[in-house]
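Novice: Okay, sequence plus prediction incoming.
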Amino acid sequence: MRGGTQVGRGMLPRMTGPGTTAGTPAYRTSRRPHWQDVSAAARDAVERRLNARVAAASSAIAGFTSGLASVLTLDDGRAVFLKGAGPAQESWLAQAYRREAATVAALPSHPVTVPLLWTLDADGWFLAAYEAVAASHPPRPWTQKDAARVLDTLVGLGASLTPPPPGIDAPSWVGELGVFVDQLGLLEPRLGPVRTAEIRELARRVLLEAPATTLSHDDVRDDNLLLGADGSVRLVDWSAGLLAPPWFMAVVAMIAPAADGVDVRALLAAHPATRDVPTAHVDGVMALHLGYFLGVADLDEVESSPWLRTHQRWYRDATLRWFERV
């Protein structure tokens, strides 16, 4: 989830039907600068830091931010993944990339995370280089096999981040996500006061009853997951983190598979790492995300991210269907 924008109560917008591509062009949702859009002085600084020339550059087009995200192939055969923002872009973007780099640098070594190589300030640009990995985003629609693979991996990552590593000052999910409980009131015209109150109580209870013991990625979704041909799973874009239960990331990652038809409830109930998580707590996490997407999905369109609201509306509908099925 991104941000905590709230809206006033009102009629719930008409829900769209189910989909398997999140309502957007599959992993082609961003408008980003290319390597050649970086200033000549900053490009020179990068090549000096790499001690090699850039022979080719391929821009990533998944995601919903407008920063540089390019795989650079070097003339010595190496490759790096470079992220960054320059003076022509919103100031918050460079700040987000700085936070991400600082967070990744403080993470313990783990097969799921992609290591940070270095950061650089040059000619008004902030640039961060990461290891380039051979992997791709999950195919849509989700399959039971891919969902189980991600669940296995993220539960293991949660265990490695419990307790949180030193050097990361992450807020608790109580403060970050608690604001979305009231936004669930927008469901009342559609689901009625009794069902709406039940869903709000699920969201409230999970924040009170599930201890925030673990550093968690705050935006686990398809375009932040990479699946390798060797069976590996990588989680990228650690622009921020929060303290949550160790199973939080795994449950959030199951929103899209559930919407694509995977029996996520059975998967979570059977998995050794999540089978002891109360069903009410799983539902509470889903409710918190529903509250968030109810609040942002119908805000004004974002010029620099033309598919953002479409993406958020799809997730709003996906989390709503989670509760319509029970």
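Specialist: Here it is on my side, so go on. Numbering: from 1, shown residues only.
Novice: Okay, buried residues for stretch 71-83 please.
Specialist: Using 16 or more other C-beta atoms under 10 Å as the test for burial, stretch 71-83 gives 71-74, 80-83. C-beta coordinates here come from the backbone N, C-alpha and C atoms, glycine included.
Novice: could I get those as a markdown table with pLDDT?
Specialist: Below are these laid out as a markdown table (pLDDT from 0 to 100):
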| residue | pLDDT |
| --- | --- |
| Val71 | 94 |
| Leu72 | 98 |
| Thr73 | 98 |
| Leu74 | 98 |
| Val80 | 98 |
| Phe81 | 97 |
| Leu82 | 97 |
| Lys83 | 96 |
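Novice: want to throw the residues you listed into CSV with distance to Trp314?
Specialist: Shown next, in CSV, are the buried residues of stretch 71-83 (distance: C-beta to C-beta, whole Å):
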residue, distance to Trp314
Val71, 27
Leu72, 32
Thr73, 34
Leu74, 38
Val80, 32
Phe81, 27
Leu82, 30
Lys83, 25
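Novice: Restricted to helices, list those.
Specialist: Counting by DSSP state H, none of the members of the buried residues of stretch 71-83 fall within helices.
Novice: Test my guess that Leu186 contacts Phe293.
Specialist: No: with contacts counted by C-beta atoms under 8 Å, Leu186 stays clear of Phe293, the gap being 10.3 Å.
Novice: thinking again about what came up before, between the buried residues of stretch 71-83, which sits nearest Leu215?
Specialist: Nearest to Leu215 among the buried residues of stretch 71-83: Lys83, at 20.5 Å, using C-beta to C-beta.
Novice: before we move on, back to that, show me which of the buried residues of stretch 71-83 is closest to Pro245.
Specialist: Of these, the one sitting nearest to Pro245 (C-beta to C-beta) turns out to be Lys83, at 28.9 Å.
Novice: hey, what's the closest one bridged with?
Specialist: Ala69, Ala128 (DSSP bridges).
Novice: Give me the below-cutoff pLDDT ranges for the stretch 1-150 of the chain.
Specialist: Low-confidence segments of the stretch 1-150 of the chain, defined by pLDDT under 70: 1-23, 25-30, 62.
Novice: all helices of it, in order?
Specialist: Using DSSP state H, counting those that start in this stretch, the helices of the stretch 1-150 of the chain run over residues 40-50, 91-106, 144-160.
Novice: Could I get the CA-only coordinates of the first one as CSV?
Specialist: Taking C-alpha atoms only, helix 40-50 is exported to CSV below (Å, rounded to 0.1, in the frame of the first residue of the first chain):
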residue,chain,number,x,y,z
ALA,A,40,25.9,13.7,-19.3
ALA,A,41,27.7,14.6,-16.1
ALA,A,42,25.7,12.1,-14.0
ARG,A,43,26.2,9.3,-16.7
ASP,A,44,29.9,10.0,-16.6
ALA,A,45,29.9,9.7,-12.8
VAL,A,46,28.1,6.4,-13.0
GLU,A,47,30.6,5.0,-15.5
ARG,A,48,33.5,6.1,-13.4
ARG,A,49,32.0,4.4,-10.3
LEU,A,50,31.4,1.2,-12.4
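Novice: Show me which residues of it are buried.
Specialist: 42-43, 45-46, 49-50.
Novice: Check the longest one too.
Specialist: When burial is assessed from 16+ other C-beta under 10 Å, helix 144-160 yields the following buried residues: 146-147, 149-158, 160.
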